[in-house]
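*Asks:* Have a look; sequence and predicted model below, questions after that.
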Amino acid sequence: MPWSSRVPDTIDALVDTFKTSPEFDGVTVWDGPELSKANPLEMLTVGFTGDDNDSDVETTTLAEGLASSPARETFTVRCAAAVLNGKADVRAARRRAYELLSGAGAVLARDPHLGHTVLRARLGAHTFKQAQTDRGAQAIVVFGIDVDAYTGR
């Protein structure tokens, strides 16, 4: 098999794991920029932040030791946890958005290898934004999942 990146397998594993995790019961989990007319009150996007000026994944690949294959690949998958509170309660929206971030951390702590897909996945840096909209208080935590893996051979 020729060289291959672990990014697609990792995003698939994250989406599948989050969709079946009890931490995200009742939360809409989207695989990247999905086309939908749904307006969920709580959602988690994997490999997509909604910001057109931001990349969804950043990757670095380096040779591992003296071998030509496999190479070591480190990357960050950007995700977003968003909450809309129709009662305009910004405190509740903010706390719930951070509960979703905590849920992602718990999922990764349970299986940092994502079912043998990667060497390690863990929460990375995050940013937070909140606003009052015509539909209520909105809180968004944009976070990275930092991954260490070997490329495919």
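*Replies:* Sure, I can see it.
*Asks:* Quick check: end-to-end length of stretch 60-80?
*Replies:* Criterion Cα to Cα, to the nearest Å; first-to-last residue distance in stretch 60-80 is 22 Å.
*Asks:* Show me how far it is from its chain's centre.
*Replies:* Using Cα atoms, centre = their mean, to the nearest Å, the mean C-alpha position of stretch 60-80 is found 18 Å from that of the whole chain.
*Asks:* Give me the contacts around that stretch.
*Replies:* 3, 5-7, 10-11, 14, 43-50, 54-59, 104, 124, 140-153 (Cβ atoms under 8 Å, 6 or more residues apart in numbering). Quick note: C-beta positions are derived from backbone N, CA and C, even for glycine.
*Asks:* Same question for stretch 87-103.
*Replies:* 21, 23-24, 27, 42, 44, 81-85, 123, 126, 128, 130, 132, 136-141, 143.
*Asks:* Only the buried residues of that stretch, if you could.
*Replies:* Val90, Ala93, Arg94, Arg96, Ala97, Tyr98, Leu100, Leu101, Gly103 (16 or more other Cβ atoms under 10 Å).
*Asks:* Ok, stretch 132-143 next?
*Replies:* By 16+ other Cβ under 10 Å, the buried positions in stretch 132-143 come out as Gly136, Ala137, Gln138, Ala139, Ile140, Val141, Val142, Phe143.
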